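# 3D, please:
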Amino acid sequence: MRLLLSLLLIVAFGSWAWAAKLTQVTSGWENPTKLSFYIYVPDKLAAKPPVIIVPHPCGGSAQDTFGRVASGLSGQADKLGFVLIFPQTPNICWDCSSAKSMKHNGGGDTQGMVNMVKYALDKYKGDASKVFVTGSSSGGMATNALVATYPDVFAAGASFSGAPAFACWNGAGLNTGAADPNCQNNKKPSAQQWGDVVRSAYPGFNGTRPSMQIWHGTADSVVSYGYLADQLAEWSNVLGVAFSRNVTNDPLSGYTKIVYGDGSRVVGYSAQGVGHMVPFREKEVLQFFGLL
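Down below sits the predicted model:
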């Protein structure tokens, strides 16, 4: 019995000792805005692993964000063999508004994060057709910005408690709490105008654009709940899909799933009574990404 127990302990501690962990990458990629780059690589990679990048909220960090979503995303990464990237900005929030970040290959935060993705694809022989982004709050805004600016890199994004790409943040600098006063005063762009802003981020792009999943709580007092409708207007215009139906109590009681077309390209989730930030839902996100 003692021998069996000893063997079990050796196996358990041996597995723990060799388990994958979040590690920092300090070289081998171009870094125009002095970001930090952390990566989670499961012990057993898929033959051509997908890559998911997860930008943090304002005031957050790569480690905090990894801890918040680790039990869900890293567990699925271990099962499915995909790579996770957790970027970190030296500023409080992500730059989702400057000319550098708002243009394809403009030299801003968006390009720095894409360079992390390219590093991972190259080093781990990843699947360039399966690159995704998801984040909350400022990370949700960065999700919108990345998908808009690099439609040639990302297959889909999932924004939690974020805001639409660019138009509400022009001139806000690095303070994503300082939105365009026109948006604050409800003089919002039309769906066509939202779409034009996205299309202007990469003029001439004529490939397939990424799909978008959008989550927001009705009781959010930090980032306006109205940005859920704005994001849906923006991406439904960009992707050319119309609203089709609402599904109540999906995926939880009090949540409403807002479906455009068949739900494969644009879908929203309104979380009744939920504040800032909507709890992360890895199952629905990974299903939308086509990984589950």
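
# might you report the residue contacts of residue 165?
Taking CB atoms under 8 Å, 6 or more residues apart in numbering, we find residue 165 in contact with 96, 144, 145, 147, 148, 149, 197, 198, 201, 234. Where you see a C-beta, it was placed from the backbone N, CA and C, and this is true even at glycine.

# any low-confidence regions in the protein?
1-19, 166-188 (pLDDT under 70).

# helices of that one, residue ranges please.
Under the criterion DSSP state H, helices of the chain are mapped to 2-17, 62-69, 75-80, 109-123, 138-149, 181-184, 191-200, 226-239, 282-288.

# out of those, nearest to residue 266?
Proximity to residue 266, assessed across these by CB to CB, is greatest for helix 226-239 (5.0 Å).

# what does the closest one contact?
Helix 226-239 is contacted from outside by 144, 159, 162-165, 167-168, 183, 186, 188, 190-192, 194-195, 197-199, 209, 211-212, 214-216, 242-243, 258, 260, 265-266, 268, 270, using CB under 8 Å, 6+ apart.

# and residue 205, how far from residue 244?
Computed as CB to CB, to the nearest Å, the residue 205 to residue 244 distance reads 26 Å.

# okay, those two: which has more neighbours?
When neighbours are counted by other CB atoms under 10 Å, residue 205 and residue 244 differ, and residue 205 comes out ahead with 15 against 12.

# spatially central residue in the chain, please.
Most central in the chain under CA atoms, centre = their mean is residue 134, positioned 1.6 Å from the mean C-alpha point.

# correct me, but that one touches residue 158?
Yes. If you go by CB atoms under 8 Å, residue 134 and residue 158 touch, sitting 4.0 Å apart.

# mind putting the helices of the chain into CSV with mean neighbour count and distance to residue 89?
Supplementary listing: the helices of the chain in CSV, determined by neighbours: other CB atoms under 10 Å; distance: least, CB to CB, whole Å:
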stretch, mean neighbour count, distance to residue 89
helix 2-17, 9, 32
helix 62-69, 19, 10
helix 75-80, 17, 23
helix 109-123, 22, 6
helix 138-149, 30, 9
helix 181-184, 14, 23
helix 191-200, 18, 22
helix 226-239, 23, 21
helix 282-288, 19, 22
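
# of those helices, which is nearest residue 35?
Of all the helices of the chain, helix 109-123 sits nearest to residue 35, with 4.5 Å by CB to CB.

# roughly how far is that closest one from the heart of the chain?
14 Å (CA atoms, centre = their mean, to the nearest Å).

# by contact count, what packs against it?
Identification of packing neighbours for helix 109-123 by 3 or more CB pairs under 8 Å, 6 or more residues apart in numbering; DSSP states H and E yields strand 36-40, strand 51-53, strand 83-88, strand 131-136, helix 138-149.

# can you list contacts of the second one?
It refers to strand 51-53. Contacts made with strand 51-53 from outside it, assessed by CB under 8 Å, 6+ apart, are listed as 73, 77, 82-87, 113, 116-117, 120-121, 124, 126-127, 130-134, 146, 289.

# listing partners with orientation, what would you give for that strand?
Taking DSSP bridges as the criterion, strand 51-53 sits next to strand 83-88 (parallel), strand 131-136 (parallel) in its sheet.
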